[in-house]
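Student: build me a model:
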Amino acid sequence: MNRKFDFVIVGGGSAGCVLANRLSADPSTSVLVLEAGRADFRWDPFIHMPAALPFPIGSRLYDWRYESEPEPNMNGRQIAHARGKVLGGSSSINGMIFQRGNPMDYERWAADDGMGSWDYAHCLPYFKRMETCLAGADEWRGGDGPLVLERGPATNPLFGAFFDAAVQAGYPLTDDVNGYRQEGFGRFDRNIHRARRLSAARAYLHPVKRRKNLTVQTLALTTRIRVDGTRAVGVDYLKAGRVRRTVDAGEVVLCGGAINSPQVLQLSGIGNPDTLTARGIDPIAGVAGVGENLQDHLEVYVQYTSKLPVSIAPGLRWRNRPRIGVEWLLLRRGLGATNHFEGGGFARSNDSVDYPNLMFHFLPIAIRYDGSSPTKGHGYQVHIGPMYSDARGSVMIRSNDPREHPALRFNYLSTGQDRREWVECVRVARDILNQPAFEAYNGGELSPGPQVETDQQILDWVAADAETALHPSCTARMGTDDMSVLDPTSMRVHGLDGLRVVDASSMPYVTNGNIYGPVMMLAEKSADLILGNTPLPPSNAAWYAHREGSPLVPAPAAPTTASGGQP
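Tutor: As a prediction, the model looks like this:
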């Protein structure tokens, strides 16, 4: 690989696939994608069958299998962090739940100095450009983008009970958590199309992979960005873990995610000089914020046993799995054709909160990601956690070896706000799950169990039981202050030319909900910034705010379904 490419994209994950598509649209522009993982083969059911999503997580064939440092406030536990080790990145192994975040997330971004073009009005057009919403295009939703989104059917009676229980507990329903009104409960969008996972690779990269100006290399681990003076000029990488290669670049765009992108920057001498020197790296650019500001979502499972045999538990029995696989393969239907996270919602933990700070995923079975279950019978659960923890962590290389995983410090449960919201969110979940709508099903709480009642007992249980929701972000954030890494008008690393970062690390604050959608929107918008295109005109669409005095006066309430549990 001795030729020079106009753009070298490091990482073929969610953002990298979007940029590969958009940057190579001009046939005179040459683009190389370097993906450290393997190809996402079409025949691989563990990637493409929606219900097979637990299998890749934890497997060395699909997952980088990161672990945090011992977390001081979680009994010294090391929290496993799955990240996709395959083309499509984490979009090839995630739960396929598509959330945009709340409009106020982007207003929060835009409130920082120099970030005005990242408000909701300027981001919404890019959300619309990227998607085809099969529930219908409108002022808030797109209708002709690469990413096809299907609304979860949520026909299992446990979903109906969950939606009715939310209303009984005083929470609204919403027709579309990604539309006018996020706050409330309803069916979720999923990046599933025709009963197959529609990863970023399948939506954006594979349709254009025959372009003559686009080259994709898998099993290509980037080891260093080469810098001449103050300009990035190329990339060094290992092919298949052995062969050392180098490639020249007009521009380098890091898309490795919130863990790998700061790791590559640090390995290249870009970061805090004192820290780099201590690890045998010669500093070339003092950008102190690289690897700092790490944010994530933590979650727990609140689980109940069901008195009626209505859950999807029978599908887990080994004797039933071959039939489910054949039904999915031949007919594209059945239990294998869904991610089962078909509904949930967003709520405020107390009346002083301006917009939803809790997210619920409902699942008509009681089970953990590792396949363990507290019951051999039927059950159900919600995944619940605060969305805006003010805890901050870091990603830091341990040495100058690019194959060694960096040290991840999240500092979960380290602040008063974090601990307070955790108690509130568990109590909100229990309140909903114990409403009359569940009376026919409620066989008692399995986890945490009725013995966990006081605030301290709840926090002790969270410390012992919580898992990451797998949303690491913000470690090379946009901004203009001394700890920011990227120019928000260009995505360039401060002080360097020819080097940009576009992925979850670019966010200044984590959005609420799953971050796959916001990352792809960020990449769509960044493609125009990189190419110098005229940005899409801002939207004037209003959105829901729950009270006067919120940063935006709400428009008249959009209609929602008020009964029947099927918004």
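Student: how about the secondary structure of the closest residue to residue 273 other than its chain neighbours?
Tutor: Spatially, and ignoring its direct neighbours in sequence, residue 273 is nearest to residue 283 (3.9 Å; C-beta to C-beta, 6 or more residues apart in numbering). (Glycine included, C-beta is placed from N, CA and C.) Following DSSP: H, G, I helix; E, B strand; the rest coil, we place residue 283 in the coil state.
Student: surely residue 283 meets residue 275?
Tutor: No. At 9.0 Å, residue 283 does not count as touching residue 275 under the criterion of C-beta atoms under 8 Å.
Student: where do the strands of the stretch 101-250 of the chain begin and end?
Tutor: 131-133, 147-151, 184-187, 189-190, 192-193, 196-197, 214-217, 220-228, 231-239, 243-254 (DSSP state E, counting those that start in this stretch).
Student: burial count for the residue nearest to residue 273?
Tutor: Residue 283 has 17 neighbours, counted by other C-beta atoms under 10 Å.
Student: kindly report the same for residue 113.
Tutor: Counted with other C-beta under 10 Å, residues neighbouring residue 113 total 10.
Student: cool, and residue 38?
Tutor: Residue 38 has 15 neighbouring residues, counting by other C-beta under 10 Å.
Student: surely it touches residue 84?
Tutor: No. Using C-beta under 8 Å, residue 38 is not in contact with residue 84; the gap is 10.5 Å.
Student: before we move on, the earlier item: OK, contacts around the residue nearest to residue 273?
Tutor: Neighbouring residues of residue 283 by C-beta atoms under 8 Å, 6 or more residues apart in numbering: 269-271, 273, 276-277.
Student: only the buried subset of those, as a ChimeraX command please.
Tutor: To isolate in ChimeraX the members of the contacts of residue 283 that are buried, counting by 16 or more other C-beta atoms under 10 Å, one can use:
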select :269,270,271,273,276
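Student: average pLDDT across stretch 373-384?
Tutor: In this model, stretch 373-384 has an average pLDDT of 89.
Student: right, I mislabeled it, should have said stretch 69-82
Tutor: Confidence for stretch 69-82, expressed as mean pLDDT, is 97.
Student: and if you look at stretch 300-309?
Tutor: In this model, stretch 300-309 has a mean pLDDT of 96.
Student: that older thread, out of the strands of the stretch 101-250 of the chain, nearest to residue 308?
Tutor: strand 184-187 (21.4 Å; C-beta to C-beta).
Student: mean confidence score for that closest one?
Tutor: Summarised as a single mean, pLDDT over strand 184-187 is 98.
Student: got it, and stretch 414-428?
Tutor: 96.
Student: and stretch 148-164, by the same measure?
Tutor: 97.
Student: quick one: buried residues of that stretch?
Tutor: Buried residues in stretch 148-164, defined by neighbour count with 16+ other C-beta under 10 Å: 148-152, 154, 156, 158-164.
Student: with distance to residue 354 added, can I get the residues you listed in TSV?
Tutor: Output for the buried residues of stretch 148-164, formatted as TSV (distance: C-beta to C-beta, whole Å):
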residue	distance to residue 354
148	33
149	27
150	31
151	27
152	28
154	28
156	33
158	31
159	28
160	30
161	30
162	25
163	24
164	27
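Student: from these, pick the one nearest residue 508.
Tutor: Distance to residue 508 across the buried residues of stretch 148-164 (C-beta to C-beta) is lowest for residue 149, with 25.8 Å.
Student: contacting residues around the spatially closest residue to the closest one that is not a sequence neighbour?
Tutor: Spatial nearest neighbour of residue 149, chain neighbours left out: residue 189 (4.4 Å); criterion: C-beta to C-beta, 6+ apart. Residues near residue 189 by C-beta under 8 Å, 6+ apart: 97-99, 133, 135, 149-152, 177-178.
Student: just residue 401 next, same as before
Tutor: Neighbours of residue 401 in contact, by C-beta under 8 Å, 6+ apart: none.
Student: element containing it?
Tutor: For residue 401, there is no host helix or strand (DSSP states H and E).
Student: repeat for residue 259
Tutor: Using DSSP H and E, residue 259 falls within helix 257-267.
Student: can you name every helix or strand that that helix contacts?
Tutor: strand 220-228, strand 243-254, strand 393-396 (3 or more C-beta pairs under 8 Å, 6 or more residues apart in numbering; DSSP states H and E).
Student: now render these as JSON lines, adding distance to residue 485 and mean neighbour count.
Tutor: As requested, those are arranged in JSON lines below (distance: least, C-beta to C-beta, whole Å; neighbours: other C-beta atoms under 10 Å):
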{"stretch": "strand 220-228", "distance to residue 485": "14", "mean neighbour count": "20"}
{"stretch": "strand 243-254", "distance to residue 485": "10", "mean neighbour count": "19"}
{"stretch": "strand 393-396", "distance to residue 485": "12", "mean neighbour count": "24"}
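Student: CSV please, covering these and showing mean pLDDT and distance to residue 55.
Tutor: Output for these, formatted as CSV (pLDDT from 0 to 100; distance: least, C-beta to C-beta, whole Å):
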stretch, mean pLDDT, distance to residue 55
strand 220-228, 97, 24
strand 243-254, 95, 29
strand 393-396, 98, 27
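Student: in TSV: these, plus distance to residue 305.
Tutor: Shown next, in TSV, are the helices and strands packed on helix 257-267 (distance: least, C-beta to C-beta, whole Å):
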stretch	distance to residue 305
strand 220-228	46
strand 243-254	47
strand 393-396	36
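Student: and residue 76, which of the ones you listed is closest to it?
Tutor: For the helices and strands packed on helix 257-267, the distance to residue 76 is smallest for strand 393-396, at 15.5 Å, taking C-beta to C-beta.
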